[in-house]
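*Asks:* structure for the following, please:
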Amino acid sequence: MRVLLTEDNQELARSIKHYFKDNGHAIDWVDSAEKAATILHHDDFDVLILDVNLPGKSGFELLSTLRSNKNALPVLILTARADIDDRVSALDLGADDYLVKPFDLRELAARCRALVRRERGKSDNEILCGNLAFNSATKIVKVDGEVIDMRPREVQMLELFITHLDRMLTKDDIANRLYNFDEAYTPNAIEQTLTRLRKHLQGSSVLIKTVRGMGYLAHVDD
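*Replies:* Numbering: from 1, shown residues only. Predicted structure coming up:
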């Protein structure tokens, strides 16, 4: 799951960012609606966590712009406003969920996972691909019922591939979903992670094919 956090409270933003990273999610942080709009114009995310009270344009203004541009990105509104009118306004503008500060980081992450599941047409956290089972909440990977021990980056890559089955992914696509803006990476690092992931997937139904000159494609071999 790749997340864009738009929050001007630095202490809160750092806490959210560290929690999501520690739980295997790529998350980028900006402190204004203007910066978020620029990033969203060029990059894809799975969910936007959006504060309402921001310097310059408000979160509501950014949300309204996104929806008027037919951008269906799942949006979770964060705000200190607990009034029912504010919640109604957020939902009517096109927000998918609403969380009032203060909140528990575990609930925030769970709500984001729920939004991503809804976007993908899933009702629970488990993704089944033949004899491979992946839980997007616990990050546990099983093949034929046995737990496969993977590094966090390998788990992130696996989740990306199995949520984009039979779709071509370039190295840039993979990098954009796995790495934050402040993380350095090289094409070689992606290849090394992919090599390790393929070894873990030996004996599973998930095959990751290399399409020369184009990228990679994951397929479930039934």
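*Asks:* tell me where this protein has helices.
*Replies:* 10-22, 33-42, 59-68, 84-93, 105-120, 152-162, 171-178, 187-200 (DSSP state H).
*Asks:* okay if I get the ones you listed as JSON lines plus mean neighbour count, distance to residue 141 and mean pLDDT?
*Replies:* Just so you know, the C-beta spots here come from the backbone N, C-alpha and C atoms, and that holds for glycine as well. Listed next are these as JSON lines, based on neighbours: other C-beta atoms under 10 Å; distance: least, C-beta to C-beta, whole Å; pLDDT from 0 to 100:
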{"stretch": "helix 10-22", "mean neighbour count": "15", "distance to residue 141": "18", "mean pLDDT": "93"}
{"stretch": "helix 33-42", "mean neighbour count": "16", "distance to residue 141": "30", "mean pLDDT": "93"}
{"stretch": "helix 59-68", "mean neighbour count": "19", "distance to residue 141": "33", "mean pLDDT": "93"}
{"stretch": "helix 84-93", "mean neighbour count": "14", "distance to residue 141": "35", "mean pLDDT": "84"}
{"stretch": "helix 105-120", "mean neighbour count": "16", "distance to residue 141": "16", "mean pLDDT": "90"}
{"stretch": "helix 152-162", "mean neighbour count": "21", "distance to residue 141": "7", "mean pLDDT": "93"}
{"stretch": "helix 171-178", "mean neighbour count": "17", "distance to residue 141": "16", "mean pLDDT": "86"}
{"stretch": "helix 187-200", "mean neighbour count": "15", "distance to residue 141": "8", "mean pLDDT": "92"}
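*Asks:* okay, those helices in TSV with distance to residue 134 next?
*Replies:* Shown next, in TSV, are the helices of the chain (distance: least, C-beta to C-beta, whole Å):
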stretch	distance to residue 134
helix 10-22	18
helix 33-42	27
helix 59-68	29
helix 84-93	31
helix 105-120	13
helix 152-162	6
helix 171-178	16
helix 187-200	12
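*Asks:* so which of the ones you listed gets nearest residue 126?
*Replies:* helix 105-120 (10.1 Å; C-beta to C-beta).
*Asks:* from the contact counts, what lies against the closest one?
*Replies:* helix 10-22, strand 47-51, strand 75-79, strand 97-100 (3 or more C-beta pairs under 8 Å, 6 or more residues apart in numbering; DSSP states H and E).
*Asks:* got a list of contacts for it?
*Replies:* With contact meaning C-beta atoms under 8 Å, 6 or more residues apart in numbering, helix 105-120 is reached by 1, 3, 15-16, 19-20, 23, 25, 46-47, 49, 74, 76, 78, 96-97, 99, 123-125, 136-137, 163.
*Asks:* domain ranges for the protein?
*Replies:* Per automatic domain parsing, the domain ranges recorded for the chain read 2-120, 126-220.
*Asks:* residue 81 against residue 51, yeah?
*Replies:* No - the pair formed by residue 81 and residue 51 falls short of the contact definition of C-beta atoms under 8 Å, at 10.6 Å.
*Asks:* nothing else from me, thank you.
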